[in-house]
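>>> no sequence on hand, only this structure:
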DNA sequence: TTTGTTATTGTAATAATTACTATATCATAA
DNA sequence: TTATGATATAGTAATTATTACAATAACAAA
C-alpha cells in the first residue's frame, strides 16, 4: 500500500521530519534446510555481537538501501546475508517467503525492527564458514533445534524456525519440494529417503514408487542408471525433477 | 535477525545518523473477503489522495509507532486502517498474513516502502463507508477485480489481491475457512454455497453433506433447525463451526 | 391429499490405496 | 558358473474411498 494512506497529504522529502517517526528497520532472515548424513538439518550461526551474543540465530540482517538506485529486494538481502555470514552462495534450489515477524518486542533494542523470513532448500551443500557478525556457522539437526527451549535462540528465531520446519514438512505432501533436497539426478529411493527423513516415518517402497511415477510432471526419466551401491542390489534408474510444482494426489504421511 | 547482524557494532541511538539509511516505511494492506448477494466479493477503496488518486486500492496504511510504548503490531495496524478507511470493525472471523511485498519499485515515490498484506474473511458485513484518504469504500465482485488490467489498481495491489484470492480458494480445500464466511449458525447448504460461489463449480449435495459430516471437528450440530425457506422444502439442521482448523480428507474441487 | 421443494440417507459402480508378493538386476562369495 | 544377498521395480488381491445417482424425509402451499 501506499505510504500516505493515513496521512493528510503527500510525503515530505527524505530526511525531513514528521514522516521519519513511521520508519522502522527491516531485516531478513533465512532458514536454509538440507539433508546431511541422513538427517534433516538447518543452517544457523552463532552470534558474534550483542544482543544475544553467542546465541544461535538464523542468518540474516538488514535490507540495504545503498545497493542499486532504490535499495535491494528482500530476496537479494537474504542471499547476500547468507553469503556474508555463512559463505554459502547459490547452489540451492529453492527460496520462498515464510512470513514477516513484527511483534514490537521481538528485538530488545530501542528501535523497532521487523523481519521478513525466508525458507531455503538445497541438496547437500558445501560446508559453511563463519563470517561477518557470526563467530560460527553450522548445520544443526532439526530435531535438536526443535528440542531447544525457546530462550536458547536469539530474538524470535525459535518461533521462526518452528514455522519454517512446519512449512517444509507440510509442503512435501502436495508440492515437488522434496526434489530440491536432491542432486540434479537422483533415484526414487533417494527421494523416498527425503520424505522419510523429514517426516520421521517409513514409507512402502513399492507404493511410493508408483505414486511418484503416477504424479504427472513430478519426475523425468534421465535414461541413466545409478552406480550400484556397495551393498549390492539392482541399480536404480536416475530421474531429474520434472516441471510440476504441485502434485495430486498428494504424497501422504501414512 | 537483529538490527545489527550486518553492522560492526550496536545500534546508535534513535535520531542519530548512520543507521537511518536502513529504515524504510512499513505499511499493511488487507484484502477482506465476504460473500454478498451470492457472489464472492473483496473490499476495496477508491483513493482520495495521490499517488494513484481515484484508483481502486486495498485498505491499508503505515504502521504507527506512536501507539503503545513500542508502536502497534502489524495486525493492529491492519484492523485500525480498515476501520479508518472503510468504517468496518471486528465482526469478521479470520485474519491471516498473506505475505510481504517489498519490490523497490512498488511505490513510485522517492522513499522505499514495503507492505505486509493480510487476508481477512467474514460473513456478510455491514456496509462500508468512505473514510480518511478514501473517497469511497465498496465491496467489489472478485471476478471483476480479477478481470481488471493490472494498471487499474494502485501500487502492486493487483498482484496482492490475486495472491489473496488464490490463497482463499486454496485454503477452502484443506481448512475450515469456509465456515468463516457463514453466520454463527448455518446449514450445510449454506456452507456448500460458499464453496460453489468461491470456486465457481457445483458440488453434489449428498456427497458434500457426507464429506463435511465425516470430517472430524468441522461441524457441530446445534440441535436447531433453520426456518423453512420461502421456496419450501425440508428444513435443514443448523450447525456451528467446530474446533478443527484443517480437514482431511480435503473437500475437493471436483 | 397432492404437489413442489429441499434435506438427508442409501447404494451400486468405480476408482484409489494398501499390504503384500513376485520378479528383475546387479555385486559378491562360494 | 552358480548360489546368495541386496535393492529396484512390477504385479495383485483385499480394502477403502469416491462418485453418480436413486430413494426417502420433512416441510409449505395449492
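Arrived safely, thanks for sending. Computed from a predicted model, the values in this text were never measured in an experiment. Numbers count the residues shown, from 1 in each chain, chains lettered A, B, ... in the order given.
>>> low-confidence bits of the stretch 101-250 of chain A, can you list those?
Low-confidence segments of the stretch 101-250 of chain A (pLDDT under 70): A:150-151.
>>> rerun at 90
Filtered on pLDDT under 90, the stretch 101-250 of chain A yields the residue ranges A:124-135, A:148-151, A:227-233, A:248.
>>> quick one: the helices in it?
For the stretch 101-250 of chain A, applying DSSP state H, counting those that start in this stretch gives helices covering A:142-147, A:157-174, A:188-199, A:205-214.
>>> who touches the third one?
Pointing back at helix A:188-199 there. Helix A:188-199 is touched from outside by A:35, A:38-40, A:168-169, A:172, A:178-179, A:181-182, A:201-203, A:205, A:208-209, A:212-213, A:219, A:236-237, A:239, A:251, A:253, with contacts defined as Cβ atoms under 8 Å, 6 or more residues apart in numbering or on different chains. From N, CA and C alone the C-beta is placed, and that goes for glycine too.
>>> let's go with 6 Å and repeat that
For helix A:188-199, contacts defined as Cβ atoms under 6 Å, 6 or more residues apart in numbering or on different chains pick out A:35, A:40, A:178, A:181-182, A:202-203, A:208-209, A:236, A:253.
>>> hmm, that helix touching DNA strand C?
No. Helix A:188-199 lies apart from DNA strand C when judged by Cβ under 7 Å from any atom of the strand; the minimum separation is 12.5 Å.
>>> which one of the helices of the stretch 101-250 of chain A lies nearest to residue A:22?
helix A:157-174 (24.6 Å; Cβ to Cβ).
>>> contact partners of the closest one?
A:31, A:33, A:57-58, A:98, A:117, A:119, A:142, A:145, A:150, A:177-178, A:246, A:250-251.
>>> one more time with 7 Å, if that's ok
A:29, A:31, A:33, A:42, A:57-58, A:98-99, A:101, A:117, A:119, A:121, A:142, A:145-146, A:148, A:150, A:177-178, A:195, A:198-199, A:246-247, A:250-253 (Cβ atoms under 7 Å, 6 or more residues apart in numbering or on different chains).
>>> circling back: let me have the helices of the stretch 101-250 of chain A in CSV, extended by distance to residue B:48.
Putting the helices of the stretch 101-250 of chain A into CSV (distance: least, Cβ to Cβ, whole Å) gives the following:
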stretch, distance to residue B:48
helix A:142-147, 48
helix A:157-174, 37
helix A:188-199, 50
helix A:205-214, 54
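>>> now do the strands in chain A.
Counting by DSSP state E, one finds strands in chain A at the ranges A:23-36, A:39-47, A:56-57, A:60-62, A:94-101, A:113-121, A:134-141, A:219-225, A:237-241.
>>> can I get these in CSV with mean neighbour count and distance to DNA strand C?
As requested, these are exported to CSV (neighbours: other Cβ atoms under 10 Å in any protein chain shown; distance: least, Cβ to the nearest atom of the strand, whole Å):
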stretch, mean neighbour count, distance to DNA strand C
strand A:23-36, 25, 23
strand A:39-47, 22, 22
strand A:56-57, 22, 37
strand A:60-62, 27, 39
strand A:94-101, 20, 25
strand A:113-121, 25, 25
strand A:134-141, 18, 28
strand A:219-225, 13, 6
strand A:237-241, 19, 10
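>>> so who does the closest residue to residue A:35 other than its chain neighbours touch?
Leaving aside its sequence neighbours, residue A:35 sits nearest to residue A:181 (Cβ to Cβ, 6 or more residues apart in numbering or on different chains; 5.2 Å). Residues in contact with residue A:181 (Cβ under 7 Å, 6+ apart) are A:34-35, A:121, A:123, A:194.
>>> re earlier: wait, which of the strands of chain A is closest to DNA strand D?
With Cβ to the nearest atom of the strand as the criterion, DNA strand D lies closest to strand A:237-241 of these, at 3.3 Å.
>>> check whether the closest one contacts DNA strand D.
Yes. With Cβ under 7 Å from any atom of the strand as the criterion, DNA strand D is reached by strand A:237-241 at residue A:237.
>>> again with stretch A:224-231
Yes. Judged by Cβ under 7 Å from any atom of the strand, stretch A:224-231 comes into contact with DNA strand D at A:229, A:231.
>>> can you give me phi and psi for the residue nearest to residue A:215 when sequence neighbours are not counted?
Sequence neighbours aside, residue A:247 is the residue nearest to residue A:215 in space, at 4.2 Å (criterion: Cβ to Cβ, 6+ apart). With angles defined as degrees, to the nearest 10, residue A:247 sits at phi -130, psi 140.
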